[in-house]
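Student: pasting the sequence and the predicted model now:
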Amino acid sequence: FRDMSRAAMQFLSIIALCALGTFAFSALDGTARMTRTTLNTYYEENNLADYWISLPTADRAALDKVAAVPGVTRVRARTTVDMDTTLSDDITVSVTAYDGAMDINIPLLREGGVIYIGNVAFDTRAELEACRAQSGDRWDDAEIYFVFDELKAHGIEPIVTLSHYEMPLHLVNKYNGWASREVIVLFERYARTVIAHFKGKVRYYLTFNEINCGTLPLGNYMSLGIRNEGTRDFLHQVDDVQVRYQALHHQLVASACTVLAGHELDPEAKIGNMIAMMPVYPLTCNPKDMLEFQQNWRQFNWYCADVQCRGAYPYYAQSFWEKNGIHLEITDEDRETLRRGTVDFFSLSYYQTNCVTVDPNAAQASGNLLGGAKNPYLESSQWGWQVDPDGLRYTLNEIESRYDLPIIIVENGLGARDALEADGSIHDPYRIDYLQRHIRAMKQAVEEDGVDLFGYTTWGCIDLVSASTGEMAKRYGFIYVDCDDQGHGSFKRYKKDS
């Protein structure tokens, strides 16, 4: 940023994040829709590439059907293995169909100036298959190597997220997710397998995506894999704060174990955290609003980050635990692991800010994971998220002053409705404006404030299903994918103005 001209800054708005969650590599080649019911129809309607398909049985006719799809070069079936190496009943079918989609996507990204592609996450089944290494089985990683090699050939640096809201279901059923301490060992084994396997190909890892989601009740199932008795679905979860914070502790210990393992296995690798920054302002100068603001930052933004960056729970944690009836089981070994396993850099997602107040009648606004009081000085997106570039500059300074670590923004972007014109053009001046203003704020943070910001990737460079609403209509990418909310479309790519 320090050496960039104004013209270069305009182009920097193209630097993009591909935080693709459980089906990251699938999304890179076309679609993230999966089905287990109407398999034949699915294969007929979709242009497949690089999928993991789960079938109840290894049906030869079904495999032949897959093999007949144009562009498919290899089809194979193998038994799915869970993290604790217990066999499940499903058969995993790996479909390799390098039909040119990868050859389209990655060059398009590089053409736009992409130098980092962030939050690349492994498909859950790839994670599980990695653990076969314990029993001496070979992990067939040709497809993932292909992605990394293609990125390198185009000068793009991958940033790999080891866990991105993708808890294997078997571990939910057997252990109630991270509520069990046993999962720490399973995750460390998985992390060691991945880091050792991709030594020399991947230099940057993130341990857990938005780990502080576990401080919220919605994080039970999404982040921690906890399914308490009485939970009906994602929107109707039964929360046990004791179980949730114990599970979050296990996740924090696993993160520290991963940092230590990563440094041991690949001294060149850098391991970071990932915090969903949910910044708030006090709505008024009422001192009670100021105290509410301070407590909010501690509980949602700093609680996990303090542990991961400083190596111990902060002083305010004990009073929070007592107030909420939380009694954590923390061993001496846990404390030593946390102390030694601090992260090398700080990564974050940033979309918007909100306000907090003790006034129960204040107007409300929505946001990423957490809403708040509406700020009268900010405009909002079509989905009600308040746009605040200055808030990004403020947040970066707060992180820098608190931790003195290199920082990278791995999620930032505007979800908006885009219109595909008859000539194939997509005009999105609103996205260009959003990105320019946020990049300008980053530039000020670096040049005027001295923040050590080493990278910026957006969510997400190619249109994908929005995690917050389950819609394709809420588009973030610079590259338009012709697909609607029902999954209908050609899946062709079109470059947006952005």
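Tutor: Alright, I've got the coordinates. Numbering: from 1, shown residues only.
Student: what about stretch 234-242, average pLDDT?
Tutor: Averaging pLDDT along stretch 234-242 yields 89.
Student: start to end distance for it?
Tutor: Here the two ends of stretch 234-242 are set 19 Å apart, with distance taken as Cα to Cα, to the nearest Å.
Student: state the helix or strand in which Glu264 lies.
Tutor: Assigned by DSSP states H and E, Glu264 falls within helix 241-265.
Student: ok, then the element right after that helix?
Tutor: Downstream of helix 241-265, the first helix or strand assigned by DSSP H and E is strand 270-272.
Student: export the helix or strand containing Leu206 to PDB, keeping only CA atoms.
Tutor: Secondary structure assignment for Leu206, by DSSP H and E: strand 204-208. In PDB, the C-alpha atoms belonging to strand 204-208 read as follows (Å, rounded to 0.1, in the frame of the first residue of the first chain):
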ATOM      1  CA  TYR A 204      -0.400 -19.100   5.100                       C
ATOM      2  CA  TYR A 205      -3.000 -21.000   7.200                       C
ATOM      3  CA  LEU A 206      -5.900 -19.900   9.400                       C
ATOM      4  CA  THR A 207      -7.000 -22.300  12.100                       C
ATOM      5  CA  PHE A 208     -10.800 -21.600  12.600                       C
END
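Student: any idea how far Leu186 is from the nearest residue to Ala247 once chain neighbours are set aside?
Tutor: If the residues on either side of it in the chain are set aside, Ala247 comes closest to Trp178, at 3.8 Å by Cβ to Cβ, 6 or more residues apart in numbering. Just so you know, the C-beta spots here come from the backbone N, C-alpha and C atoms, and that holds for glycine as well. Distance of Trp178 to Leu186, computed by Cβ to Cβ, to the nearest Å: 10 Å.
Student: Phe491: neighbour count?
Tutor: 17 (other Cβ atoms under 10 Å).
Student: cool, and the one 5 residues further on?
Tutor: By the criterion of other Cβ under 10 Å, Lys496 has 19 neighbours.
Student: in the sheet, who's paired with it?
Tutor: On DSSP bridges, the residues paired with Lys496 through beta bridges are Ile426.
Student: surely it and Asp418 touch.
Tutor: Yes. Taking Cβ atoms under 8 Å as the definition, Lys496 is a contact partner of Asp418 at 6.7 Å.
Student: returning to what we had before: enumerate every residue touching the residue nearest to Ala247.
Tutor: Under the criterion of Cβ atoms under 8 Å, 6 or more residues apart in numbering, the contact partners of Trp178 comprise Met167, Gly214, Leu224, Gly225, Ile226, Ala247, Leu248, His250, Gln251, Ala254.
Student: residues touching the nearest residue to Asp306 once chain neighbours are set aside, list them.
Tutor: Ranked by Cβ to Cβ, 6+ apart and with sequence neighbours excluded, the top spatial neighbour of Asp306 is Pro314, at 4.2 Å. The contact partners of Pro314, taken as Cβ under 8 Å, 6+ apart, are Arg298, Trp302, Tyr303, Asp306, Val307.
Student: what sits in contact with each of Lys496 and Asp418?
Tutor: Taking Cβ under 8 Å, 6+ apart as the criterion, Lys496 and Asp418 both touch Ile426, Asp428, Tyr480.
Student: make JSON lines from those residues and add distance to Leu206, pLDDT and neighbour count to it.
Tutor: Formatted as JSON lines, those follow (distance: Cβ to Cβ, whole Å; pLDDT from 0 to 100; neighbours: other Cβ atoms under 10 Å):
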{"residue": "Ile426", "distance to Leu206": "30", "pLDDT": "98", "neighbour count": "20"}
{"residue": "Asp428", "distance to Leu206": "28", "pLDDT": "97", "neighbour count": "21"}
{"residue": "Tyr480", "distance to Leu206": "27", "pLDDT": "96", "neighbour count": "22"}
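Student: related to what we said a few turns ago, toward the C-terminus, what is the element adjacent to the strand holding Leu206?
Tutor: Read in the C-terminal direction, the helix or strand following strand 204-208 is helix 219-222, with elements assigned using DSSP H and E.
Student: now for that next one, which elements pack on it?
Tutor: The criterion is 3 or more Cβ pairs under 8 Å, 6 or more residues apart in numbering; DSSP states H and E, and the helices and strands that helix 219-222 contacts are helix 241-265.
Student: circling back to that earlier point, can you add pLDDT, secondary structure and neighbour count and give the contacts of Pro314 back as a markdown table?
Tutor: Output for these, formatted as a markdown table (pLDDT from 0 to 100; DSSP: H, G, I helix; E, B strand; the rest coil; neighbours: other Cβ atoms under 10 Å):
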| residue | pLDDT | secondary structure | neighbour count |
| --- | --- | --- | --- |
| Arg298 | 97 | helix | 16 |
| Trp302 | 98 | helix | 22 |
| Tyr303 | 98 | helix | 23 |
| Asp306 | 98 | helix | 19 |
| Val307 | 98 | helix | 25 |
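Student: sketch out the low-pLDDT regions of the chain for me.
Tutor: Within the chain, the segments meeting pLDDT under 70 span 1-104, 115-145, 369.
Student: again, only this time at 80
Tutor: When residues are selected by pLDDT under 80, those of the chain lie in 1-147, 233-235, 366-370, 467-468.
Student: can I get stretch 432-447 in PDB, CA atoms only?
Tutor: Written as PDB, here are the backbone C-alpha positions of stretch 432-447 (Å, rounded to 0.1, in the frame of the first residue of the first chain):
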ATOM      1  CA  ILE A 432     -16.800  -0.200  -6.900                       C
ATOM      2  CA  ASP A 433     -17.700   2.700  -4.600                       C
ATOM      3  CA  TYR A 434     -17.800   0.400  -1.600                       C
ATOM      4  CA  LEU A 435     -14.400  -1.200  -2.300                       C
ATOM      5  CA  GLN A 436     -12.700   2.100  -3.200                       C
ATOM      6  CA  ARG A 437     -13.900   3.700   0.000                       C
ATOM      7  CA  HIS A 438     -12.700   0.800   2.100                       C
ATOM      8  CA  ILE A 439      -9.400   0.500   0.300                       C
ATOM      9  CA  ARG A 440      -8.900   4.300   0.800                       C
ATOM     10  CA  ALA A 441      -9.500   3.700   4.600                       C
ATOM     11  CA  MET A 442      -6.900   0.900   4.600                       C
ATOM     12  CA  LYS A 443      -4.400   3.200   2.800                       C
ATOM     13  CA  GLN A 444      -5.000   5.800   5.500                       C
ATOM     14  CA  ALA A 445      -4.500   3.200   8.200                       C
ATOM     15  CA  VAL A 446      -1.200   2.100   6.700                       C
ATOM     16  CA  GLU A 447       0.300   5.500   5.600                       C
END
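Student: can you list the buried residues in it?
Tutor: Taking 16 or more other Cβ atoms under 10 Å as the basis for neighbour counts, the residues of stretch 432-447 that come out buried are 432, 434-446.
Student: same check, this time on stretch 310-326
Tutor: Buried residues in stretch 310-326, counted by 16+ other Cβ under 10 Å: Gly311, Tyr313, Ala317, Phe320, Trp321, Ile326.
Student: can you give me how far it is from the chain middle?
Tutor: Between the centre of stretch 310-326 and the centre of its host chain there is 26 Å, according to Cα atoms, centre = their mean, to the nearest Å.
Student: quote the end-to-end distance of it.
Tutor: Taking Cα to Cα as the measure, stretch 310-326 stretches 22 Å from start to finish.
Student: what is the neighbour count of Val259?
Tutor: By the measure other Cβ under 10 Å, the count of residues near Val259 is 26.
Student: for it, list the residues it contacts.
Tutor: Neighbouring residues of Val259 by Cβ under 8 Å, 6+ apart: Thr207, Ile271, Gly341, Thr342, Val343, Asp344.
Student: let's see that with 7 Å instead.
Tutor: Remark: with contacts taken as Cβ atoms under 7 Å, 6 or more residues apart in numbering, Val259 is in contact with Ile271, Gly341, Thr342, Val343.
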